[in-house]
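Colleague: Fold the following for me, if possible:
(2 chains)
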Amino acid sequence: MLGRVAGSSSSDEQLERERRLVARGHAGDQKAVGELLASYGPALYRSVLLPRLGSDAAARDALSEVYARVVERFDRFTWQNVGFWPWLRTVALRVALDQLRARRRLVLWDAEDVAREVDAAQTVTPVDQRLGEQRERQAARARVEEALARIHPRYARAIRLRVLEERPRDEVARELGVTPATFDVVLHRAMQSLRKVLGAPGESKPATVSGPPVEDAPPSSEAPDV
Amino acid sequence: MSDPRDRSRHPDDLEVDAPASEEEQAQAEALREALEDPTRPSEQAELARAVSSAWAPRDLSAETHRALVEQALRRDEGRRRKQRGSVIRVSFGVSVLVAAAAAVFLLVEGDHQAPARAVAAVAISRSTQGLFPDPFAPTGGESARIDRIAVARAADLRDNEFARWGIR
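Modeller: Next comes the predicted model:
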């Protein structure tokens, strides 16, 4: 992983390594581009695409599209001493936005949320990948917590135990003091209630949850129109 | 059925403890099955997985990731090769067109310009008076005058031929 910690010598080394890879990539060395993607791709999938798109298949498709765009338009990337991550993340957000606009599945993010993130990425975007990933994760969890806070506490507890903690059905039923069959009904009602607060088609739109905090801005040209 | 600690003034309070209808039980059963088997279609199960993905996103397997990177690079290489092929084909096509256009131009221009050049460069029919600046003698000298005319016109003819051939 090429994550950088501001001010450390290893950060400078990583930055220099990235700069060299980018230069090689600009000279037509596809292997160097592949190395950059291999370095950042897993984090991109885990912290940017999967939480926003909500399914492994959708996130995988999106990552494939991100790679296609990055490889095809690599010559447009201008090195500006903030590394490759901000540009890659912006490309990923745009791909996620396209996917969210093209489908109707209900996830925690909607297209408007991601559109706002894309706009923000033009001027402010996390420079450090590891720090950025941590903040993305915090923001995603905050989004889940906010949604759960809007439904009945018993429903929220059922979702928390069964869906978030992935505990076995029987165990959760015992913990809630009901039979497994009754728990199924509770969970069904809980998911229905969650759909409602997330603004499923025909339901009211929930309040907007803010995106991840961001660091100081790299130049806007770091996030070209991709 | 609800936890007393959870009892609050929530709008769903009544629903939480309401008995389930048969339809609701069937939907609950469908959700349970879909959570256990991701291939079963269920919007609620999809949402549950989306929430789970946001809460604790899983990693992409190294193999899958490597395959995606290789696929992107391979596609780009194919695209570049295709572009290069297109450039060569377009260049060849353009060259052929230019050559054809040049040939047609020369042919047409040649046909049009040859008479023009001939008209501009060749000697035209004119009086023989210029060949005889002095007055004729009352008798004799006819053959010499014919010879002078013949020589002059032969020279004109030769010049005209050279002009038509484009070597003058």
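
Colleague: For the host helix or strand of residue A:182, which helices and strands make contact with it?
Modeller: Using DSSP states H and E, residue A:182 falls within helix A:180-198. Other helices and strands packing on helix A:180-198, by 3 or more Cβ pairs under 8 Å, 6 or more residues apart in numbering or on different chains; DSSP states H and E, are helix A:129-149, helix A:153-159, helix A:169-176, helix B:13-17, helix B:22-36, helix B:43-55. The C-beta positions use only the backbone N, C-alpha and C, and glycine is treated the same way.

Colleague: Out of those, the one nearest residue A:197 is which?
Modeller: helix A:129-149 (5.9 Å; Cβ to Cβ).

Colleague: Quick check: mean pLDDT of the closest one?
Modeller: Averaged across helix A:129-149, pLDDT comes to 88.

Colleague: Give me whichever of the helices and strands packed on helix A:180-198 is most buried.
Modeller: Most buried of those, by mean neighbour count (mean count of other Cβ atoms under 10 Å in any protein chain shown): helix A:153-159, with a mean of 23.

Colleague: Return it as CSV; C-alpha atoms alone will do.
Modeller: Only the C-alpha atoms of helix A:153-159 are listed here, as CSV (Å, rounded to 0.1, in the frame of the first residue of the first chain):
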residue,chain,number,x,y,z
PRO,A,153,-34.6,1.5,18.7
ARG,A,154,-35.8,-2.1,18.7
TYR,A,155,-35.5,-2.2,14.9
ALA,A,156,-32.1,-0.6,15.1
ARG,A,157,-31.0,-3.2,17.5
ALA,A,158,-32.2,-6.0,15.4
ILE,A,159,-30.3,-4.6,12.4
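
Colleague: sorry, back to before: among the helices and strands packed on helix A:180-198, which is nearest residue B:67?
Modeller: Minimum separation from residue B:67 across those (Cβ to Cβ) falls at helix B:43-55, 20.8 Å.

Colleague: does chain A sit close to the closest one?
Modeller: Yes - judged by Cβ under 8 Å from any Cβ of the partner chain, helix B:43-55 and chain A are in contact via B:43-44, B:46-55.

Colleague: Could you list the domains of chain B?
Modeller: Using automatic domain parsing, the domain parsing of chain B gives B:28-58, B:61-121, B:123-168.

Colleague: any idea which of the ones you listed scores lowest on pLDDT?
Modeller: domain B:61-121 (a mean of 69).

Colleague: one step back: mind picking the one among the residues of helix B:43-55 next to chain A that's closest to chain A?
Modeller: The shortest approach to chain A among those belongs to residue B:50, at 2.8 Å (Cβ to the nearest Cβ).

Colleague: Next up, the contacts around that closest one.
Modeller: Applying Cβ atoms under 8 Å, 6 or more residues apart in numbering or on different chains, we find residue B:50 in contact with A:53-55, A:105-108.

Colleague: so what's the residue in chain A that chain B sits nearest to closest to, chain neighbours aside?
Modeller: Closest contact between chain A and chain B, by Cβ to the nearest Cβ, is at residue A:54 (2.8 Å). Spatial nearest neighbour of residue A:54, excluding adjacent residues (Cβ to Cβ, 6 or more residues apart in numbering or on different chains): residue B:50 at 2.8 Å.

Colleague: just residue B:56 next, same as before
Modeller: Closest to residue B:56 by Cβ to Cβ, 6+ apart is residue A:164, at 7.2 Å.
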